[in-house]
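sharing a sequence plus its predicted fold:
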Amino acid sequence: MKSVTVFVAFLCWVSQSYSQEIFKKNFSLMGSQFDITLVASNEIEAAQFIEAAIGEMKRIEKLISSWDNNSQTSLINKNAGVAAVKVSRELYDLIERSIAISRLTDGAFDITYASMDAIWKFDGSMREMPSEKEIVKSVAYVGYKNIVLDSNLSTVFLKQQGMKIGFGAIGKGYAADKAKKLLQSRGVIAGIINASGDMNTWGKKPNGEDWTVAIKNPMAKQQVFATLPIKNRAVVTSGDYEKYVKLDGKKYTHIIDPRTGYPSYGIVSVTVFAPGAEMADALATSVFVMGKAVGIDRINQLNGVDCIIIDDKGMVYTSNHIKINKEYEKK
Ligand code: ADP
Ligand code: MG
């Protein structure tokens, strides 16, 4: 009798593990379109997991938003040049990691780019080029070296009045990493967190196949130029085709070169593969600013990190370990 019960339990377990399905939900967060794909046994279970992941990402949005006047990030900005602000360890650590990426990229990535938000607006409200004078004045406030951290007190101080920090180039990646972590801790065996193109994946599809990601052709948005399998890694694409402003017939992207205060140019899309989405997000933005040669050189020095760059002439450049179908270039 006992062995029958064990056998029945075994059968239930087998059928349960085989009845795993893929569930997906789209939603808006951080002013963008996100989606979560995950593997679960049924719809109710999947909905609970997805709600938990959304909750986690909303929590992060509250912490890092520069729009929310009451966020810790806004408090840091309001106190620029005035006082050091005590923040949660989580925000402190994110700022510390952002500064590490600034060092790694010789300042191409810089969360203090945010004082330029007053000059370059990508919400459709800009009508004319800002003056050289305005740009020079604003860019003087950009400089990660003027962020003063005190680890013991967990405080952040922006040295100059007028300085600002913003997590536009790293926050979505961070949120994707945290949502993945949360779902993994709850036992979700596989999934994709897609924070508006910033993706982190884990596990495999129930049929044993790897997740695949489609990389869009920035020259023709509806076309996919490469489909790549992705195993327990993050992939992020920064493109100039979603957020930009057109002035005097010229396109200016939302990625600012912190050295000049002008939008960076020459590249239309950068895709970075890395162990985590935060790293991939920050590096995709950095490569945009660093340009093809320096960008690829820097990526080649990082273990487990790869990139694909498409420049404004439609040419594709890749780091050493990327193998893509080069058909695209022949078209
Ligand atoms: P997306 O918004 O498509 O995810 P990115 O990850 O490249 O694109 O982030 C671009 C955003 O990062 C900009 O909208 C701005 O908020 C911010 N940003 C712009 N230039 C820089 C920079 N040099 N370093 C850090 N953040 C930047
Ligand atoms: Mg980025």
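Arrived safely, thanks for sending. Computed from a prediction, not measured in an experiment: that's the story for all the values here. Ligands and ions are numbered 1, 2, ... in the order given.

show me what from the stretch 201-331 of the chain comes close to ligand 2.
Taking Cβ under 5 Å from the ion as the criterion, the neighbours of ligand 2 within the stretch 201-331 of the chain are 238, 281, 284-285. (C-beta placed from N, C-alpha, C; glycine too.)

contact partners for whatever residue of the stretch 51-200 of the chain ends up closest to ligand 1?
For the stretch 51-200 of the chain, the residue closest to ligand 1 is residue 168, as judged by Cβ to the nearest ligand atom, at 2.2 Å. Shown here is residue 168, whose contacts under the criterion Cβ atoms under 8 Å, 6 or more residues apart in numbering are 114, 254.

please identify the member of the residues of the stretch 201-331 of the chain next to ligand 2 with the greatest number of neighbours.
residue 281 (34 neighbours; other Cβ atoms under 10 Å).

wait, doesn't that residue sit right on residue 177?
No: using Cβ atoms under 8 Å as the test, residue 281 is too far from residue 177 to be in contact (9.2 Å).

related to what we said a few turns ago, the residue of the stretch 51-200 of the chain closest to ligand 1 in helix, strand or coil?
Three-state call for residue 168 (DSSP: H, G, I helix; E, B strand; the rest coil): coil.

which residues of the protein lie near ligand 1?
Contact residues, the chain versus ligand 1 (Cβ under 6 Å from any ligand atom): 109-111, 113, 166, 168-169, 172, 238, 242-243, 254-256, 258, 281, 284-285, 289.

just the ones of those residues in strands?
Residues of the residues of the chain next to ligand 1 located in strands (DSSP state E): residue 238.

which among the residues of the chain next to ligand 1 end up buried?
A residue is treated as buried here by neighbour count (16 or more other Cβ atoms under 10 Å); on that basis the buried members of the residues of the chain next to ligand 1 are 109-111, 113, 166, 168-169, 172, 238, 254-256, 258, 281, 284-285, 289.

can you pull the phi and psi angles for the residue of the stretch 51-200 of the chain closest to ligand 1?
As for residue 168, its main-chain torsions (degrees, to the nearest 10) stand at phi -60, psi -30.

distance check, residue 20 against ligand 1.
Separation of residue 20 from ligand 1 (Cβ to the nearest ligand atom, to the nearest Å): 31 Å.

for residue 34, see how far away that residue is.
Separation of residue 20 from residue 34 (Cβ to Cβ, to the nearest Å): 23 Å.

these two: who's more crowded?
Under the neighbour definition other Cβ under 10 Å, residue 20 and residue 34 were set side by side, and residue 34 has more, 23 against 17.

how about that one, nearest residue that isn't a chain neighbour?
Among residues not flanking residue 34 along the chain, residue 195 sits closest, at 5.2 Å (Cβ to Cβ, 6 or more residues apart in numbering).

counting neighbours, what do you get for that neighbour?
Each residue near residue 195 was counted by other Cβ under 10 Å, and the total is 27.

ok, now which ones touch it?
With contacts defined as Cβ under 8 Å, 6+ apart, residue 195 is in contact with 29-30, 32, 34, 57, 172-173, 175-176, 179, 277.

what's opposite it in the beta bridge?
For residue 195, the beta-bridge partners under DSSP bridges are residue 34, residue 198.

now the element after the helix or strand where residue 76 lies, going C-ward?
Element membership of residue 76 [criterion: DSSP states H and E] is helix 72-78. Moving toward the C-terminus from helix 72-78, the first helix or strand encountered (DSSP H and E) is strand 85-86.

and the next helix or strand after that next one, what does it pack onto?
The C-terminal neighbour of strand 85-86 among helices and strands, as given by DSSP H and E, is helix 89-104. Contact partners of helix 89-104 among helices and strands, from 3 or more Cβ pairs under 8 Å, 6 or more residues apart in numbering; DSSP states H and E: helix 43-64, strand 147-150, strand 155-158, helix 277-290.

in helix 89-104, what's buried?
Going by neighbour count (16+ other Cβ under 10 Å), the buried part of helix 89-104 is 91-92, 94-95, 98-99, 101-102, 104.

run the chain-centre distance for that helix.
What separates the centre of helix 89-104 from the centre of its chain is 14 Å, taken as Cα atoms, centre = their mean, to the nearest Å.

tell me the contacts of the spatially closest residue to residue 291 that is not a sequence neighbour?
Closest residue to residue 291 in three dimensions, ignoring its sequence neighbours and counting by Cβ to Cβ, 6+ apart: residue 266, at 6.0 Å. For residue 266, the residues meeting the contact criterion (Cβ under 8 Å, 6+ apart) are 291-292, 311-312.

can you tell me which of those is nearest ligand 1?
Using Cβ to the nearest ligand atom, residue 291 is the member of the contacts of residue 266 that lies nearest ligand 1, at 12.7 Å.

so who does the closest one touch?
With Cβ under 8 Å, 6+ apart, residue 291 has these contacts: 264, 266-267.

got those as CSV, with pLDDT and secondary structure columns?
Supplementary listing: the contacts of residue 291 in CSV, determined by pLDDT from 0 to 100; DSSP: H, G, I helix; E, B strand; the rest coil:
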residue, pLDDT, secondary structure
264, 94, coil
266, 93, coil
267, 94, strand
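
nearest to residue 129, of these?
Ranking the contacts of residue 291 by separation from residue 129, with Cβ to Cβ as the measure, puts residue 264 on top at 15.9 Å.
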